[in-house]
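Colleague: fold the following, please.
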Amino acid sequence: MDSFTQLIRGTGSVAEVITIYDEYCTTYDKMVCEKGKYKGPFILVEAVTKEVPECRRKEVRVLDVAAGTGMVGVALAQKGFTNLDALEPSEGMLECLRSKNVYTNTFHEYVGQCNTNVPQGCYDLVFSVGGMANNHIPFTGALEFVRFAKPGGLVMICMRQDEEDYLTKLKEYMNSLEEQQLWKKEFSTPIKDYCVGREGVLFVYQVL
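Modeller: As a prediction, this is how the structure comes out:
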């Protein structure tokens, strides 16, 4: 996973990143799960299950942004979530995701380049694990998360801490959305061992 991370971080464009994900789609799950190197997805699942009681899990509508191979969706389905949609720009990853049969709708889309075909204002929960980073979703993509969610819905962003310049811009942008009263911050929490011993952070907002 560490060599894969270095490969991703060394690319110069979103298109190159998507190509790499296409190439590694069939081995990605094994790489990220090996010896628990990438804990972000499982930390997100734990956070979601804390926020959504078991009695509501069949009714809440969930959007997984930059869903990859659907690892989080599979874990959520095992926890009782049945109304899951996925957005993913890599066709290879999307094919792997669809084969797991846990998502109702899938969108081959990239957040940040243009308007997506994802329905607006209808999701109870919108989340992304690892999608907010350089050469991935631009920090302004946070506004799309707000648009995807219904009023009162939650947005969760789980990401690495060492994307320092990106993270600074993202925090400023998220604060500006809060000043515009588009959402309010519920909490943020550091993650000690997010990926290969590196720290991460989880942000949780409620859409207004």
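
Colleague: top helix in this protein by residue count?
Modeller: Longest helix in the chain, counting residues (DSSP state H): helix 164-179.

Colleague: only the buried residues of it, if you could.
Modeller: Neighbour-count burial for helix 164-179, with 16 or more other CB atoms under 10 Å as criterion, is recorded at 166-167, 170, 173-174, 177. All C-beta atoms are positioned from the backbone trio N, CA, C, and that covers glycine.

Colleague: where do the strands sit along the chain?
Modeller: Residue ranges of the strands in the chain, as given by DSSP state E, are 62-65, 84-87, 105-107, 123-129, 149-160, 183-195, 198-207.

Colleague: and the angle from the fifth one to strand 123-129?
Modeller: Angle, strand 149-160 to strand 123-129, by axes from the mean of the first three to the mean of the last three CA atoms, to 10 degrees: 10 degrees.

Colleague: partners of strand 149-160 in the sheet?
Modeller: strand 123-129 (parallel), strand 198-207 (antiparallel) (DSSP bridges).

Colleague: also the second one?
Modeller: When sheet partners are counted by DSSP bridges, strand 84-87 sits next to strand 62-65 (parallel), strand 105-107 (parallel).

Colleague: of those strands, which is nearest Phe148?
Modeller: strand 62-65 (5.5 Å; CB to CB).

Colleague: list the contacts of stretch 159-171.
Modeller: 40, 128-134, 139, 142, 190-191, 194-195, 198-201 (CB atoms under 8 Å, 6 or more residues apart in numbering).

Colleague: ok so, going back, of the strands paired with strand 84-87, give the one that comes closest to Glu23.
Modeller: strand 105-107 (20.0 Å).

Colleague: if you count neighbours, what's buried in the closest one?
Modeller: 106-107.

Colleague: export the strands paired with strand 84-87 to a markdown table and tack on mean pLDDT and distance to Ala15?
Modeller: Below are the strands paired with strand 84-87 laid out as a markdown table (pLDDT from 0 to 100; distance: least, CB to CB, whole Å):
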| stretch | mean pLDDT | distance to Ala15 |
| --- | --- | --- |
| strand 62-65 | 98 | 19 |
| strand 105-107 | 97 | 18 |
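
Colleague: OK, contacts around the residue nearest to Met71 when sequence neighbours are not counted?
Modeller: Of all residues not flanking Met71 in the chain, Pro41 sits nearest, at 5.1 Å (CB to CB, 6 or more residues apart in numbering). By CB under 8 Å, 6+ apart, the contact set of Pro41 is 32, 71-72, 75, 129-130, 158.

Colleague: out of the residues you listed, which one has the lowest pLDDT?
Modeller: When the contacts of Pro41 are sorted by pLDDT, the bottom entry is Val32 at 74.

Colleague: quick one: neighbours of it, just the number.
Modeller: Applying the criterion other CB atoms under 10 Å, we find 23 residues in the vicinity of Val32.
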